[in-house]
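J.: Return a 3D structure for these sequence lines:
(3 chains)
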Amino acid sequence: MPELPEVEVLARHLAPLLRGKTIRAVHVLRSKVIRPTSVKKLEKSLIGAKFTSLHRRGKYLLFELQRSNAGQIACLGHLGMTGRMFLQPKAAPLPKHTALVLDLGRLNFVYEDTRYFGRFTLDNASVEALGPEPLSEAFDADSFALELKRSAQPIKVKLLDQGLVAGIGNIYASEALFRARISPRRKARSLKRDEVQRLHREIRVVLQEAIDCGSTIPLDFAGEASKDRLFYFGTSAESSQFYEERLQVYDRDGKPCVTCKFAVKRIVQAARSTFYCPKCQR
DNA sequence: CACCATGTTCCTTG
DNA sequence: CCAAGGAACATGGT
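T.: As a prediction, the model looks like this:
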């Protein structure tokens, strides 16, 4: 469930559930996801620590914990393509691809990830390379324009660069460009001032709308029912219908453009699918 | 069997 | 040194 809005909704959901809880034990079932941190170091750092806060930065989750004597510590989470994080009763069976479990006493914090592309680590290097938060003042149209001027990549590909602006993924890159009426094939440096301004605005609008949408869904992350409630995840009729209404071009290859009825086109850029309306987006 | 999938990182090439 | 391109990672769905 991994773009900025999904991670934001998850962070808001988990923050109050984790606050004040103390980690009794750490179980690493897939050491790959904690690299470069070692199992020993993670255990030593986390056992006995208490969750104090949880924030999102780009697509990352930043867990802050207080250790009884040793002061504060920060932990970084990332969902990769297929990761989920939730709380469940200690007695509940763990999902097949559970990568890490934090024993919180009565409850377990579970991180499961089918493809194991995600992370749960003490290493925060990747967060420091992130560009501005798109929904904050730090993301301003002028600096955005300057950055785009330095790139010869197609604008769609450039939007996926987390150093340009943090949190946009493959779905919202297509959606923002559609709303801004800009072709994903344009070179980043070729965008005119007003196009950059439209794109800057639509990035913020589409992400904020998605957060608002996700925030209204009754969330149940734990157990079996959790899997398919959110966003693009899930193929249950209820959730996919809910989601499809919000996506205007993504995954609509051959279907009529919601604005002009022309067929939406799928192309491949940097080995990823891009969807756009050739008529509306120039 | 083929191709597709919400992401990042590492290695190579120019 | 830097930007850009492509493969790799791992599993499951269609």
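J.: Any idea how many residues pack against residue A:167?
T.: Neighbours of residue A:167 under the rule other CB atoms under 10 Å: 27. Bear in mind the C-beta positions are built from the backbone N, C-alpha and C, glycine included.
J.: OK, contacts around residue A:30?
T.: Applying CB atoms under 8 Å, 6 or more residues apart in numbering, one finds that residue A:30 lies in contact with A:98, A:99, A:100, A:113, A:116.
J.: Return the backbone torsion pair for it.
T.: Per-residue torsions, residue A:30: phi -140, psi 100 (degrees, to the nearest 10).
J.: Can you check what pLDDT the model gives it?
T.: Note for residue A:30: predicted pLDDT of 97.
J.: how much space is there between it and DNA strand C?
T.: 8 Å (CB to the nearest atom of the strand, to the nearest Å).
J.: Please report how far that residue lies from residue A:99.
T.: Relative to residue A:99, residue A:30 is positioned 4 Å away (CB to CB, to the nearest Å).
J.: buried ones in stretch A:89-99?
T.: Along stretch A:89-99, these residues count as buried under the neighbour rule (16 or more other CB atoms under 10 Å): A:95, A:97, A:98, A:99.
J.: Burial check on the residue nearest to the second one when sequence neighbours are not counted, number of neighbours?
T.: Going back to what we said before, that points to residue A:97. Sequence neighbours aside, residue A:114 is the residue nearest to residue A:97 in space, at 4.7 Å (criterion: CB to CB, 6 or more residues apart in numbering). By the other CB under 10 Å criterion, the neighbourhood of residue A:114 contains 15 residues.
J.: Near DNA strand B, which residues of the stretch 1-150 of chain A? Just list them.
T.: Contacts of the stretch 1-150 of chain A with DNA strand B, taken as CB under 7 Å from any atom of the strand, map to A:1-3, A:6, A:58-59, A:78, A:80-82, A:115, A:117, A:126, A:129.
J.: if we can go back for a sec, DNA strand C: which of the buried residues of stretch A:89-99 is nearest?
T.: Proximity to DNA strand C was ranked across those by CB to the nearest atom of the strand; first place goes to residue A:97, at 6.1 Å.
J.: residues contacting the closest one?
T.: Residue A:97 neighbours (CB under 8 Å, 6+ apart): A:112, A:113, A:114, A:116.
J.: Quick one: buried ones out of these?
T.: Looks like those have A:112, A:113, A:116 buried, using 16+ other CB under 10 Å.
J.: Could you double-check that residue A:156 lies in contact with residue A:273?
T.: No. Here residue A:156 does not reach residue A:273: they are 10.2 Å apart, not a contact under CB atoms under 8 Å.
J.: For the stretch 101-250 of chain A, which segments count as strands?
T.: Taking DSSP state E, counting those that start in this stretch, the strands of the stretch 101-250 of chain A run over residues A:107-113, A:119-121.
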